[in-house]
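J.: need the 3D shape of this:
(one chain, ligands or ions: 1)
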Amino acid sequence: MEMHNFSSGPSILPPEVLQKASEAVLNFNNSGLSLIEISHRDPSFVEIMNSARNLALELLNLENKGYSALFLQGGASLEFVRVANNLLKVDGKAGYINTGNWANNAQNEAAYFGAVVEIASSKDKNYSYIPKNIVVPNNLDYLHITTNNTIYGTQFKDFPETDVPLVCDMSSDIFSRNLDFSKFDLIYACAQKNAGTSGINLIVVKDELLNKTRSIPNIMNYKKHIERESMYNTPSVFSVYVSYLTLKWLKDLGGIAAVDRRNLAKANLMYSEIDRNSLFYGTAAVEDRSTMNVTFFLKDEKLTTTFDELCLSEGIYGVKGHRTAGGYRASMYNALPMTSVQKLVEVMQRFETRFL
Ligand code: PMP
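T.: Alright, predicted model coming up:
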């Protein structure tokens with residue numbers, strides 16, 4: 001049966017990436033050795049790391065603009081801490097916009113390290129919208145936002161105007177839409193959605209931002225990692241290779257501009273069905289709807305098991321909502337083909353005709 005993978009992360013990868021990654025595990029570059037049994041200092045792997053870092057900057061249109069890219073371990077959750085370690089001054093303070101569980105976690109983790117203020121929040125309405133007209137104080141060390149709320153399905157379309165460094169967690173929508181990425185001073189993302197597989201995070205940081213660091217351990221220090229070309233310690237070689245292949249795939253496809261169009265078309269189809277179908281409804285504010293994670297609910301919860309079984313029998317995988325949010329969530333990352341969205345829509349339509 002053909003599978004349609006709507007998993008929120010780790011999530012769908014392009015078939016050619018899976019093919020090449022599998023080949024490299026068995027025989028990397030015809031060396032007779034596996035990618036995962038050679039030294040990370042081997043010139044062939046060093047080249048992969050450098051190419052992956054360069055590709056990330058190139059795709060974001062940040063090449064030669066004073067930014068560095070890193071692939072580090074620990075998940076986006078470690079970046080919650082590393083960001084504060086690098087940017088929050090001893091007597092300073094950081095601003096956070098709380099638009100979801102992950103944004104909230106980022107804020108709480110930073111608070112272990114220094115003063116944190118919540119500049120705006122959408123918790124009052126169960127994170128169903130993005131706060132607007134946010135006034136950002138100008139005495140912050142940085143402002144942190146989470147561009148896409150993976151769990152509740154909202155997404156920043158416009159960004160707060162501010163002169164303080166803008167830091168963002170782009171874990172679930174990096175490389176998915178045209179943006180002026182030079183607006184951001186530091187971008188980080190776990191790799192397991194649009195940038196590869198789990199095990200690493202991508203960090204893209206403006207070098208000049210790192211000149212004010214306080215004394216922190218090397219493993220936390222972005223500057224140290226940049227000096228060591230993302231090889232301060234042993235990288236997760238397989239994950240870096242999968243990211244390299246994924247970014248290369250995206251470049252060959254036409255870069256972010258090409259997937260932006262596809263992602264919009266997929267999201268439009270999915271949201272029109274949710275709005276049209278009499279059995280379902282969405283909760284995210286219409287103007288803030290995410291193009292990556294589409295959340296929806298059954299009006300009659302008693303139909304849950306029947307809909308779940310229908311999805312299962314049709315090869316639709318991973319549409320259950322996050323355990324804290326309930327309902328359904330179709331994650332539609334770059335590698336998800338339009339045909340999978342069409343399939344889900346068709347299944348929702350068939351389901352409606354059964355229960356109308
Ligand atoms: N931020 C966002 C927006 C996420 O969606 C996630 C994971 N889904 C995280 C952070 C945490 O990532 P990790 O599990 O890699 O720490």
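
J.: spell out the secondary structure type for P10.
T.: coil (DSSP: H, G, I helix; E, B strand; the rest coil).

J.: for it, give me the pLDDT.
T.: For P10, the model assigns a pLDDT of 98.

J.: in the stretch 251-356 of the chain, which spans are strands?
T.: 280-281, 293-298, 316-317, 328-331 (DSSP state E, counting those that start in this stretch).

J.: buried stuff in stretch 157-169?
T.: F159, P160, T162, V164, P165, L166, V167, C168, D169 (16 or more other Cβ atoms under 10 Å). (Each C-beta comes from the backbone N, C-alpha and C, glycine too.)

J.: and the fourth one, what does it touch?
T.: Residues touching V164, when contacts are defined by Cβ atoms under 8 Å, 6 or more residues apart in numbering, comprise G95, V136, P137, N138, L140, D141, Y142, L143.

J.: can you select the buried ones from the residues you listed in ChimeraX?
T.: Only the buried entries of the contacts of V164 go into this ChimeraX selection, using 16+ other Cβ under 10 Å:
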select :95,136,140,141,142,143
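
J.: list just the nearest of the contacts of V164 to K343.
T.: Among these, L143 lies closest to K343 (Cβ to Cβ), at 40.1 Å.

J.: name the element the closest one belongs to?
T.: Assigned by DSSP states H and E, L143 falls within strand 142-146.

J.: residues contacting that strand, please?
T.: Against strand 142-146 from outside (Cβ under 8 Å, 6+ apart): 83, 87-88, 94-97, 99-100, 102-103, 106-107, 110, 119, 136, 156, 159-160, 162, 164-169, 171, 185-186.

J.: at 7 Å instead, please
T.: 83, 87, 94-97, 99-100, 102-103, 106, 119, 136, 156, 160, 162, 164-169 (Cβ atoms under 7 Å, 6 or more residues apart in numbering).

J.: next one: stretch 215-231
T.: With Cβ under 7 Å, 6+ apart, stretch 215-231 has contacts from 40, 49, 53, 68, 70-72, 82, 85-86, 203, 205, 210, 213, 232-233.

J.: kindly report the same for stretch 70-84.
T.: With Cβ under 7 Å, 6+ apart, stretch 70-84 has contacts from 49, 52-53, 94, 105-106, 109-110, 113-114, 144, 167, 169, 171, 186, 188-190, 199-203, 220, 222, 225-226, 230, 235-236, 240, 243.

J.: among those residues, which are in helices?
T.: Per DSSP state H, helices hold the following members of the contacts of stretch 70-84: M49, A52, R53, N105, A106, E109, A110, Y222, H225, I226, V240, S243.

J.: may I ask which of these has the most neighbours?
T.: A106 (30 neighbours; other Cβ atoms under 10 Å).

J.: for it, which non-adjacent residue is closest in space?
T.: Leaving aside its chain neighbours, A106 sits nearest to F80 (4.3 Å; criterion: Cβ to Cβ, 6 or more residues apart in numbering).
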